[in-house]
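Colleague: Can you look at this prediction? I've put the sequence above it.
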Amino acid sequence: MADATRTKLPDVFDKCLTDGGYFGPQRAAGDHYLTRPVLPPIPDRIMEFQGKDQIMWSVNNYLGLANHPEVLEVARAAVDEFGVSSPMGSRMMSGNSQYHLDFEAELARFSEKESAFLFNYGYMGVTGTISSLVGPDDMVVMDKLAHACIVDGAFMSQGQVRVFKHNNVESLESVLKRINRDRKGGILVVIEGVYGMTGDLAKLDEIAAVVREYDARLFIDDAHGWGVMGEQGRGTADHFGVQDDVDIYFGTFAKAFASIGGFAAADKSVTEWILYNARTQVFAKSLPMLYVQTLRKTLDLVIAGDDRRARLWAISNRLKNGLRDLGFYVGPGESPICSVFVPIGEEELEKVGMAAVAYLRDRGVFVTAITYPVIPLGLLMFRMIPTASHLEEDVDNTVAIFRDMRDAIGLNPQMSGEDEAKVRKVFGR
Ligand SMILES: Cc1ncc(COP(=O)(O)O)c(C=O)c1O
């Protein structure tokens with residue numbers, strides 16, 4: 001029988017009964033509207049949400065390759081040949097195959113690096129790569145807007161972590177200068193190629209030059225640039241003509257490739273180190289054959305995908321221009337991602353932001369709204385992902401519904417000089 005006089009000690013589960021933690025109020029309210037919306041599993045330009053068709057602007061199917069018939073054909077053949085379990089075990093033990101090795105060689109060739117190594121998720125790849133390379137005397141220097149997997153990789157490593165202002169080359173230089181005064185180990189500078197939230201490109205040419213000057217190494221997580229930017233979709237470093245200056249190039253298959261997994265490409269000695277030391281892959285089952293085979297087909301389609309990239313840009317430009325014509329401030333991102341900033345007073349932000357999102361979804365436009373701390377207080381950002389599978393009519397309908405939303409809820413999209421300065425700061429300009 002329980003002893004009623006015993007003092008109750010803290011329980012790790014206590015917090016689960018509160019509305020704290022990430023998106024705590026939404027979790028406590030059982031939200032499926034702003035967080036964890038329930039959507040049909042097949043990605044498309046039109047998707048149903050709560051019984052209504054939506055023009056979908058929140059899925060990273062950049063090149064429209066999701067469910068490409070040739071990929072599905074390869075998938076069926078792969079299931080017939082290999083089943084769904086293969087291979088079993090980690091690459092280190094029993095999960096390696098010649099198919100994995102051949103695909104890695106193809107990725108290395110395309111990335112113009114000596115060697116490449118596969119991961120099961122981009123997240124696992126970035127965390128595993130950073131934490132395997134950065135030892136106790138080393139340092140990670142990362143951009144302030146770096147994705148969570150970069151932050152987590154840095155803190156999983158045994159090194160110290162420094163942050164520089166977003167896309168600010170002077171800030172990076174001053175951090176490196178300070179470290180070099182009494183430097184004991186190596187430095188890994190980690191940036192994204194295309195910043196997935198805001199859609200701006202890293203100033204890769206300038207950053208690469210500074211990294212060289214201060215004897216550091218450059219790791220670029222090009223999740224949103226790979227397949228999209230550069231010649232044949234080789235990525236953001238290729239777009240800037242600095243692929244050779246990137247020490248580790250990282251791509252994920254979860255965006256333009258519309259699949260799952262990721263890879264790091266670098267000198268052979270580096271990928272060999274990673275493959276023996278990245279705990280997120282050494283201690284995890286290897287990428288299933290179904291994905292290895294379909295991804296190889298998708299790589300061919302991406303390389304031959306200039307028409308898809310042209311289509312993506314056409315949709316993106318039409319959307320950005322249409323929204324600008326309505327008076328909305330579209331961020332200066334040079335990637336296809338369309339980030340729309342709206343000034344809304346701090347007190348009204350939640351109410352007006354919610355009304356805007358609800359209006360758009362009621363009329364069949366699905367966008368994600370972003371607020372502080374990703375962007376400064378007093379601003380709301382609609383982050384929209386154009387894809388090659390969108391139609392012109394999707395864009396025109398979306399722009400018309402944005403106009404109606406602006407008028408219906410009395411939104412004044414006009415940015416003051418101060419607001420614009422805040423946005424430029426987000427973009428490091
Ligand atoms: C910049 C960046 N890196 C890594 C990831 C994680 O990739 P994955 O979804 O393949 O795990 C994402 C996904 O959101 C991302 O935006």
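Modeller: Sure, I can see it.
Colleague: Output the set of residues of the chain in proximity to the ligand.
Modeller: 121-123, 126, 147, 149, 192, 196, 221, 223-224, 252, 254, 262 (C-beta under 6 Å from any ligand atom). (C-beta placed from N, C-alpha, C; glycine too.)
Colleague: Nearest to E114 among these?
Modeller: The closest of the residues of the chain next to the ligand to E114 turns out to be G262 (C-beta to C-beta; 18.2 Å).
Colleague: related to what we said a few turns ago, in CSV: the residues of the chain next to the ligand, plus pLDDT and neighbour count.
Modeller: Converted to CSV, those look like this (pLDDT from 0 to 100; neighbours: other C-beta atoms under 10 Å):
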residue, pLDDT, neighbour count
Y121, 98, 20
G122, 98, 24
Y123, 98, 20
V126, 98, 31
H147, 95, 21
C149, 97, 26
E192, 98, 26
G196, 91, 19
D221, 98, 33
A223, 98, 28
H224, 98, 29
T252, 98, 26
A254, 98, 16
G262, 98, 28
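Colleague: Return the subset of these lying in strands.
Modeller: Among the residues of the chain next to the ligand, the ones falling in strands (DSSP state E) are E192, D221, T252, G262.
Colleague: Report pLDDT for R424.
Modeller: Note on R424: pLDDT of 82.
Colleague: With the flanking residues excluded, which residue is spatially nearest to it?
Modeller: P332 (7.7 Å; C-beta to C-beta, 6 or more residues apart in numbering).
Colleague: Any idea how many residues pack against E347?
Modeller: E347 has 9 neighbouring residues, counting by other C-beta atoms under 10 Å.
Colleague: what's the spacing between it and the ligand?
Modeller: 31 Å (C-beta to the nearest ligand atom, to the nearest Å).
Colleague: Please apply the same query to E106.
Modeller: E106 is 19 Å from the ligand, by C-beta to the nearest ligand atom.
Colleague: Surely that residue is in a strand?
Modeller: No. Per DSSP: H, G, I helix; E, B strand; the rest coil, E106 lies outside any strand segment and is helix.
Colleague: just the ones in strands among the residues of the chain next to the ligand now: which is nearest the ligand?
Modeller: Closest approach to the ligand among these (C-beta to the nearest ligand atom): T252, at 3.6 Å.
Colleague: Residues in a beta bridge with the closest one, which ones?
Modeller: As for beta bridges, T252 partners with G262 under DSSP bridges.
Colleague: Enumerate every residue touching it.
Modeller: Y121, G122, G125, A223, W226, G261, G262 (C-beta atoms under 8 Å, 6 or more residues apart in numbering).
Colleague: Please give me every residue in contact with the third one.
Modeller: Contacts were defined as C-beta under 8 Å, 6+ apart; by that measure G125 touches F119, F250, T252, G262, F263, A264, A278, T280, Q281.
Colleague: do the second one as well
Modeller: Under the criterion of C-beta under 8 Å, 6+ apart, the contact partners of G122 comprise C149, D221, A223, F250, G251, T252, F253, A254, G261, G262.
Colleague: For the helix or strand containing the fourth one, C-alpha coordinates in CSV please.
Modeller: Going back to what we said before, that points to F250. Following DSSP states H and E, the helix or strand that holds F250 is strand 248-252. Taking C-alpha atoms only, strand 248-252 is exported to CSV below (Å, rounded to 0.1, in the frame of the first residue of the first chain):
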residue,chain,number,x,y,z
ILE,A,248,31.9,19.1,-47.0
TYR,A,249,28.9,19.4,-49.2
PHE,A,250,25.7,18.1,-47.7
GLY,A,251,22.4,17.4,-49.4
THR,A,252,19.1,15.8,-48.3
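Colleague: for the stretch 51-200 of the chain, what spans make up the strands?
Modeller: 52-56, 115-119, 139-143, 160-164, 187-192 (DSSP state E, counting those that start in this stretch).
Colleague: which residues are contacting the first one?
Modeller: Spelled out, it's strand 52-56. Under C-beta under 8 Å, 6+ apart, the answer for strand 52-56 is 43-48, 361-362, 364-366, 390, 394, 397-398.
Colleague: Pull out the buried members of these.
Modeller: The neighbour count (16 or more other C-beta atoms under 10 Å) marks P43, D44, R45, M47, R361, G364, V365, F366, H390, D394, T398 as buried among the contacts of strand 52-56.
Colleague: now, which of those residues lie within strands?
Modeller: Going by DSSP E, the strands hold M47, V365, F366 from these.
Colleague: Just list whatever residues bridge to the first one.
Modeller: To tie it back to what came earlier, the one meant is M47. Under the criterion used (DSSP bridges), M47 bridges to Q54.
Colleague: same deal with the last one?
Modeller: On the basis of DSSP bridges, F366 takes part in beta bridges with M56.
Colleague: That one touches E48, doesn't it?
Modeller: No. With contact defined as C-beta atoms under 8 Å, F366 does not reach E48; the gap is 9.9 Å.
Colleague: how many other residues sit next to the nearest residue to S416 once chain neighbours are set aside?
Modeller: Once flanking residues are discounted, S416 sits nearest to P343: 6.8 Å by C-beta to C-beta, 6+ apart. Other residues near P343 come to 20 when the count uses other C-beta under 10 Å.
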